[in-house]
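Enquirer: Here is a sequence together with a model predicted from it:
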Amino acid sequence: MNDVDITGMTLEAMQTRAAALRSDILQTPVVTLSSPMIDEVLGGARVTLKLECFQHTGTFKARGALSVARQLDDDSRGRGITAASAGNHAIAAGWAAGKLGISAKVVMQDNANPFRVALARATGAEVILKPAGQETFAEAERLVREEGRFFIHPFEGLHTSLGTAGVGLELMAQVAELDAVVVSVGGGGLISGVAAAVKAINPACRVYGVEPEGADSMSQSLASGAPVTIPEVNTIADSLAPPMALPFGHALCAVYVDDVVTVSDDAICAGMVVLQQAAKLAVEPAAGAAMAGALGPLRSQLAGRRVGVIVCGANIDTDSYLGQLSRGQAALDSLLS
């Protein structure tokens with residue numbers, strides 16, 4: 001971690017980037033969660049939801065993708081971009097390319113949800129389907145090598161984190177005197193930016209990450225002191241399923257994140273039920289994870305506090321959503337007990 005330069009993540013740099021993106025990125029709303037169930041579980045905590053599920057493309061990913069794409073020079077823009085993704089990042093990269101009027105060929109896993117594939121194609125990007133894993137990234141690498149396209153990484157790098165920092169900057173301006181912020185963790189692109197912004201504004205505010213038990217690469221990386229690649233990923237939260245942490249995101253998390261906890265897939269589904277019942281929000285599992293973390297392993301840390309929860313995305317098809325709600329309903333009592 002010591003040789004990773006994170007000095008570019010200053011408050012001024014984050015504010016400058018947020019201002020530069022403001023014309024194209026939505027300032028997403030916040031809403032205070034009013035629920036007797038949550039009041040009881042969290043000891044009267046004041047929970048505010050930051051609704052990134054209402055961002056362009058349906059997730060926070062638009063921020064990082066546009067932040068990176070905006071840095072390309074004219075020559076790079078002329079050759080276009082590529083990306084590799086199970087879904088949300090491909091959608092966001094295609095959208096960002098469309099905003100800048102540049103070509104996009106995005107590579108998606110052939111087991112990606114057809115709903116997300118359709119959303120990616122709707123951005124105007126050409127979608128290439130490849131087997132999940134190394135073949136997806138190999139195709140993106142081929143497009144870089146043979147067509148000169150710029151690869152927009154799904155979660156790693158200064159410009160990605162500067163983009164996602166806008167979530168934290170907005171939240172801290174919208175909600176006074178937060179004690180804690182809870183963020184779902186996949187590769188670390190969201191939490192790295194949010195944590196840097198939150199701590200720059202209020203170092204006393206705690207930042208907690210939540211990972212699926214079956215995709216806990218950041219937890220393992222923070223425990224070991226270096227980025228870790230896990231041998232297998234097993235979670236319904238495909239947006240939180242990268243098998244590794246990478247140096248820049250890991251370094252930011254090591255400095256700015258207070259703790260990362262893990263939750264089961266059953267708990268993630270129960271978190272989706274809570275958001276549907278208490279907030280009337282239909283979200284994807286990645287967003288359910290943050291709520292599950294707040295109500296489960298983080299309960300004692302958050303009791304009676306002023307808490308912000310990032311609702312990171314909502315790109316899910318009806319059939320999947322109904323199945324996961326049913327699973328979550330069966331697990332709800334266990335989460336809340």
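Expert: Right, received. Where do you want to start?
Enquirer: Mind listing what's buried along the helix ranked longest in the chain?
Expert: Assignment by DSSP state H gives helix 318-336 as the longest helix of the chain. In terms of neighbour count (16 or more other C-beta atoms under 10 Å), helix 318-336 has its buried residues at 321, 324-325, 327-328, 331-332, 335. Placement of C-beta: from N, CA and C, glycine included.
Enquirer: export the residues you listed to CSV and tack on distance to Arg206 and pLDDT?
Expert: Below are the buried residues of helix 318-336 laid out as CSV (distance: C-beta to C-beta, whole Å; pLDDT from 0 to 100):
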residue, distance to Arg206, pLDDT
Tyr321, 31, 98
Gln324, 29, 98
Leu325, 30, 98
Arg327, 30, 98
Gly328, 26, 98
Ala331, 26, 98
Leu332, 26, 98
Leu335, 21, 97
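Enquirer: I'd assumed Asn315 was in contact with Leu119.
Expert: Yes: Leu119 lies in contact with Asn315 (C-beta atoms under 8 Å); the separation is 6.5 Å.
Enquirer: Could you tell me which residues touch both of the two?
Expert: 57-58, 87, 91 (C-beta atoms under 8 Å, 6 or more residues apart in numbering).
Enquirer: can you pick the most crowded of those?
Expert: Ile91 (32 neighbours; other C-beta atoms under 10 Å).
Enquirer: tell me the SS of that one?
Expert: helix (DSSP: H, G, I helix; E, B strand; the rest coil).
Enquirer: Confirm for me that it is in contact with Phe115.
Expert: No: between Ile91 and Phe115 there is no contact under C-beta under 8 Å: 10.3 Å.
Enquirer: among the shared contacts of Leu119 and Asn315, which are in helices?
Expert: Ile91.
Enquirer: Name the helix or strand for Val47, please.
Expert: Per DSSP states H and E, Val47 falls inside strand 46-51.
Enquirer: does Leu281 sit in a helix, a strand or a coil?
Expert: Under three-state DSSP, Leu281 comes out as coil.
Enquirer: repeat for Ala196
Expert: Criterion first, three-state DSSP; result for Ala196: helix.
Enquirer: how about the helices in the stretch 201-337 of the chain?
Expert: 217-224, 247-256, 265-279, 285-295, 299-302, 318-336 (DSSP state H, counting those that start in this stretch).
Enquirer: Looking at those helices, which is nearest to Gly166?
Expert: helix 247-256 (14.9 Å; C-beta to C-beta).
Enquirer: Just the CA coordinates for that closest one, please, in PDB.
Expert: C-alpha atoms of helix 247-256 as PDB (Å, rounded to 0.1, in the frame of the first residue of the first chain):
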ATOM      1  CA  PRO A 247      -4.100  -1.200  -5.400                       C
ATOM      2  CA  PHE A 248      -5.600   2.300  -5.600                       C
ATOM      3  CA  GLY A 249      -9.000   1.400  -4.200                       C
ATOM      4  CA  HIS A 250      -7.500  -0.800  -1.600                       C
ATOM      5  CA  ALA A 251      -5.100   2.000  -0.500                       C
ATOM      6  CA  LEU A 252      -8.000   4.500  -0.200                       C
ATOM      7  CA  CYS A 253     -10.100   2.000   1.800                       C
ATOM      8  CA  ALA A 254      -7.100   1.300   4.100                       C
ATOM      9  CA  VAL A 255      -6.800   4.900   5.000                       C
ATOM     10  CA  TYR A 256     -10.400   6.100   5.000                       C
END
